[in-house]
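# next one to model:
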Amino acid sequence: MIATVIILLMFLLLAAGMPVGFNLITVGTLGIYLIGGTPAVLGVLSSMPRDSASAYEFLSIPMFLLMAEFVLRSGVADDLFQAAAAWFGRIRGGLGVATALAGAGFGAVCGSSTAAAATLSSTSLPAMKKYGYDSSLASGVVAISGTLSMLIPPSIAMIIYALLADVSIAKMLIAGVIPGVIITFTIAVTVYSIAVRNPDMAPLTAKVSFREKIVSLRLIAPMLVLMMAVTGVIYLGVATPTEASAVGALASGVLYFLRKSRSTSLSQIYEIFSKATRTACMLGIIILGAHIFTTFFALTQTTQILIDWIASLPLNRWMIIIYFIIAILVLGCFMDQMAILVLTVPVLAPILQAMDFDLIWFGVILIITAEVGLVTPPMGLNCFVVSKYARVPVGTVFRGTLPHVGAHLVAIIVLVSFPALVLWLPSHVH
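Numbering: from 1, shown residues only. Just a heads-up that it's a prediction; the model follows:
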């Protein structure tokens, strides 16, 4: 009964607009108080904030956020799009394909989907408008390409999931590589298919010589260096994710100062560090809230009751996975993706573990499913970001993402049907 009341209160506070981290802290603390009184609350709150903040693995979050801030301001996204456009601009929907590739490349050095959507809006959208691309097609591919930052390492969402599900951060990050390639290919094929059926929606661009294409490859060199500085060293076992995050932050900082040394100022540097710090603090509060709420759940034995109830259902375990995915798709229409992670992972992880599902595999499925929520109404955050930057009605952006939502669902079915596509690469992490 207490668990039911607390869960209802949590959703009520979410609906009222209370930030998810403070929401979880509030309802979790209240639940613990109702069960064990003041001594139980003091016992949890006297140690858990310190333990959450001092966790060694948590250090990777502020470092990756700092890396993302340096990358955002260094102009790498512009270079990625220019190189991709030079190679693919002459095929149908080529600038849309280039946007997907730039989104993937940007995702490999920046773990924020909204930042990626905003950056792509200022780089690829003007180019597509210049060549007469349909507004819904152009804005839709920008919105969906921004979501790749949630999947491709270094993904903040992946790290949060690993901390909540208590799985290896290194394996979790590497697990996003092959699915990231598959999702990027899915976006590119979707754009190409639309352009082939409706050539007027995606006119061809100016021809680029082979020599110019080769020269354009130098533009992606900084991104490749950053990828090796992070994902490469994790995969090879040279460094832990926390160490790799520090290397990535240092490398991106050097890149930023090399490219912006003449135009940067102390106030800009302060802004970079302060923004990364504020975001890290926000995520720290969310993780603390998730831990307090999980402790409350453990005290009520709600998780074990759910495990026993699901085990008694006359359903195949794969049907249960399908129901979970549908539930996450529905939640994505009304909640932001970080809220979905902290609300579902502490509950679902023990259930899936009891059913012998691999938590790293499910983490990738969960994050891709949550990506869909970033572009579906009414809460599709990326669509609102693109609408603001592109100055087009948000309904136009949502319309442009519809084909991609369908294509993403097909990709999810493929990854659910063939878990090896997710698990093969992390199984080779040293």
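
# surely V76 meets F106?
Yes: counting by C-beta atoms under 8 Å, F106 is a contact partner of V76 at 7.1 Å. Using the backbone N, CA and C atoms, a C-beta is placed for each residue, glycine as well.

# okay, and the common contacts of those two?
M223 (C-beta atoms under 8 Å, 6 or more residues apart in numbering).

# those two: which is more packed in?
Neighbour totals were compared for V76 and F106, and F106 leads with 29 against 26 (other C-beta atoms under 10 Å).

# outline the domain layout of the protein.
1-46, 57-292+301-428 (automatic domain parsing).

# so how far is P378 from M335?
11 Å (C-beta to C-beta, to the nearest Å).

# check A339 too.
Plainly put, A339 is 15 Å away from P378 if you go by C-beta to C-beta.

# more crowded one of these two?
Higher neighbour count among A339 and P378: A339, with 21 against 10, using other C-beta under 10 Å.

# give the buried residues for the helix or strand hosting the more buried one.
Per DSSP states H and E, A339 falls inside helix 337-354. Buried positions in helix 337-354, judged by neighbour count with 16 or more other C-beta atoms under 10 Å: 337-353.

# same check on stretch 319-332?
I320, I321, F324, I325, I328, L329, L331, G332.

# residues contacting the most centrally placed residue in the chain?
Geometric centre of the chain, nearest residue: M150, 1.6 Å, by C-alpha atoms, centre = their mean. Residues near M150 by C-beta under 8 Å, 6+ apart: G107, G111, S113, A157, M158, Q337, I367, A370, E371, L374.

# how close does it sit to G232?
Taking C-beta to C-beta, one finds M150 at 20 Å from G232.

# for V44, same thing?
Distance from V44 to G232, by C-beta to C-beta: 40 Å.

# which of these two has more neighbours?
V44 (20 against 15).

# what is the subsequent helix or strand relative to the helix or strand where S124 lies?
Using DSSP H and E, S124 falls within helix 113-130. Downstream of helix 113-130, the first helix or strand assigned by DSSP H and E is helix 135-146.

# need the pLDDT of G36.
Note for G36: predicted pLDDT of 81.

# how many neighbouring residues does it have?
The burial count for G36: 15, using other C-beta under 10 Å.

# now S122
13.

# repeat for G253
There are 18 residues near G253, going by other C-beta under 10 Å.

# cool, and the one 5 residues further on?
A count of neighbours around L258, defined by other C-beta under 10 Å, yields 10.

# element containing it, please.
Following DSSP H and E, one finds L258 within helix 241-260.

# just the buried residues of that helix, please?
For helix 241-260, using 16+ other C-beta under 10 Å, the buried residues are 241-242, 244-249, 251-253, 255-256, 259-260.
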